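**Student:** The following block contains a protein sequence and its predicted model.
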Amino acid sequence: MFRKNVHNVRKLCYRLFTIMFGVCMSVTLWIILQVFFFTSFKIPTDSMEPALLPGDNIIVNKLAFGARLFNLFDAAKQKPIHIIRMYGFERIKRNDVLVFNFPYPKERNYIAFDLMKYYVKRCVALPRDTFLIVNGYYQVKGCSESLGNIESQREVLTLLGPKTDNKFILNGYPHDSLLNWNIRNFGPLYVPAKGSVVTMNHTNAILYKQLIEYEQNMRITISGDTVFLNNHPIKWYQFRKNYYFMAGDKSRDSQDSRYWGLLPEEFIVGKATFIWKSLEPRTGKWRWERLFKLIE
């Protein structure tokens, strides 16, 4: 009897060990997949209509541009972090739909990393591009391809008309009277790349203040025609990172780079690839026609 009981206990322990080992392996595999390969993101707003609708659940491909490695605990505590990006198989292209950590979670004049706040927008300008909006339409100097949702840009122009509706936030980045850019006419804005050098005059100090302060962790001040970095005058600046201009497809209802500025490359999570689930937010009904739809 004793031997039989011992055998049963051993058998039970073996089964428990097997179950726990399977659970641990499954959790480990899930974490590896989430960190290095892909993740899921639910679309909360209509800013990317018609490409993406509220209630769409999308797969974000991290392999495309390379997964990011950083101290998760420091990020959760909103401490400064160093982000390393692994090797990717693609380069970011204009019109790619990207998921990223929103770079201005606290105030629009200060870039910060928020682990829990994500946006999804379309990339309309790359590092070294010169981006502008002319009479409502997005353009990149020297580029002939269509950028963003042309129908939406046309709609914004029509809705604005000669008299502006108060519900539209017209004033655009950098929200300064020296430039007075808006969503109808914006730029030209040079999008910095790693290694780009700009002259530090009054205008460029206003345009790139956020980026330089983010890279240097120092304050930019302007006195007359002289620009100071941490109280030291500078005549030029060489950027350390790549930046992107992001725009929502629903131009009249999207908080994007037109309002808050440029996106640092390390804030990009990955490329939105396809819709794996879609539920109508009000009714909870499946939108079967959107299942496994590629995001273009």
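**Tutor:** Okay, I see it.
**Student:** so who does F228 touch?
**Tutor:** Contacts for F228 (Cβ atoms under 8 Å, 6 or more residues apart in numbering) come out as 220-222, 234. No exception for glycine: its C-beta is placed from N, CA and C like everyone else's.
**Student:** What values do phi and psi take at N201?
**Tutor:** Backbone torsions of N201, given as degrees, to the nearest 10, read phi -100, psi -180.
**Student:** Report the contact partners of it.
**Tutor:** By Cβ under 8 Å, 6+ apart, the residues touching N201 are 225, 227.
**Student:** And the pLDDT for it?
**Tutor:** Looking at N201, its pLDDT is 93.
**Student:** E107 too?
**Tutor:** pLDDT recorded at E107 is 75.
**Student:** Give the burial count for it, as a bare number.
**Tutor:** Other residues lying near E107 total 9 when counted by other Cβ atoms under 10 Å.
**Student:** Who is it paired with across the strands?
**Tutor:** As for beta bridges, E107 partners with Y110 under DSSP bridges.
**Student:** Distance check, the residue lying closest to I43 once chain neighbours are set aside against P192.
**Tutor:** Leaving aside its sequence neighbours, I43 sits nearest to D56 (Cβ to Cβ, 6 or more residues apart in numbering; 4.3 Å). According to Cβ to Cβ, to the nearest Å, D56 stands 32 Å off from P192.
**Student:** Next: N230.
**Tutor:** N230 sits 20 Å away from P192, going by Cβ to Cβ.
**Student:** Ok, I133 next?
**Tutor:** 19 Å.
**Student:** before we move on, what about Y110?
**Tutor:** Distance, Y110 to P192, by Cβ to Cβ: 18 Å.
**Student:** Dump stretch 133-141 to PDB, keeping only the CA atoms.
**Tutor:** Extracted as PDB, the C-alpha positions of stretch 133-141 are listed here (Å, rounded to 0.1, in the frame of the first residue of the first chain):
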ATOM      1  CA  ILE A 133       1.000  71.400 -47.000                       C
ATOM      2  CA  VAL A 134      -0.100  73.600 -49.900                       C
ATOM      3  CA  ASN A 135      -3.800  74.600 -50.000                       C
ATOM      4  CA  GLY A 136      -4.700  71.500 -47.900                       C
ATOM      5  CA  TYR A 137      -2.700  68.900 -49.800                       C
ATOM      6  CA  TYR A 138       0.400  67.100 -48.400                       C
ATOM      7  CA  GLN A 139       3.600  67.400 -50.400                       C
ATOM      8  CA  VAL A 140       7.300  66.400 -50.200                       C
ATOM      9  CA  LYS A 141       9.700  68.400 -52.300                       C
END
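**Student:** what does it contact?
**Tutor:** Residues outside stretch 133-141 that contact it (Cβ under 8 Å, 6+ apart) are 94, 124-125, 129-132, 147-148, 150, 153-154, 156-157, 160, 183-188, 247, 258.
**Student:** if we go to 10 Å?
**Tutor:** With contacts defined as Cβ atoms under 10 Å, 6 or more residues apart in numbering, stretch 133-141 is touched by 94, 122, 124-126, 129-132, 146-150, 152-160, 172, 181-191, 245, 247, 251, 258.
**Student:** Please compute how far that stretch lies from its chain's middle.
**Tutor:** Distance of stretch 133-141 from the chain centroid (Cα atoms, centre = their mean, to the nearest Å) equals 21 Å.
**Student:** ok, now stretch 96-110?
**Tutor:** Centroid separation between stretch 96-110 and its chain, computed with Cα atoms, centre = their mean, is 6 Å.
**Student:** what does stretch 176-183 give?
**Tutor:** On Cα atoms, centre = their mean, the centre of stretch 176-183 falls 23 Å from that of its chain.
**Student:** Just the buried positions in that stretch, please.
**Tutor:** Residues 179, 181-183 are the ones in stretch 176-183 that count as buried (16 or more other Cβ atoms under 10 Å).
**Student:** Kindly report the same for stretch 140-150.
**Tutor:** Applying 16+ other Cβ under 10 Å to stretch 140-150 flags 140, 143, 147-149 as buried.
**Student:** Please name the two of the residues you listed that end up farthest apart in the structure.
**Tutor:** Greatest spatial distance among those (Cβ to Cβ): C143 and N149, at 16.6 Å.
**Student:** show me what contacts the residue lying closest to N217 once chain neighbours are set aside?
**Tutor:** Nearest non-adjacent residue to N217, counting by Cβ to Cβ, 6+ apart: P80, 7.7 Å away. By Cβ under 10 Å, 6+ apart, the contact list for P80 reads 71, 74, 112-113, 217.
**Student:** can you tell me which of these are in helices?
**Tutor:** Secondary structure from DSSP state H places D74 of the contacts of P80 in helices.
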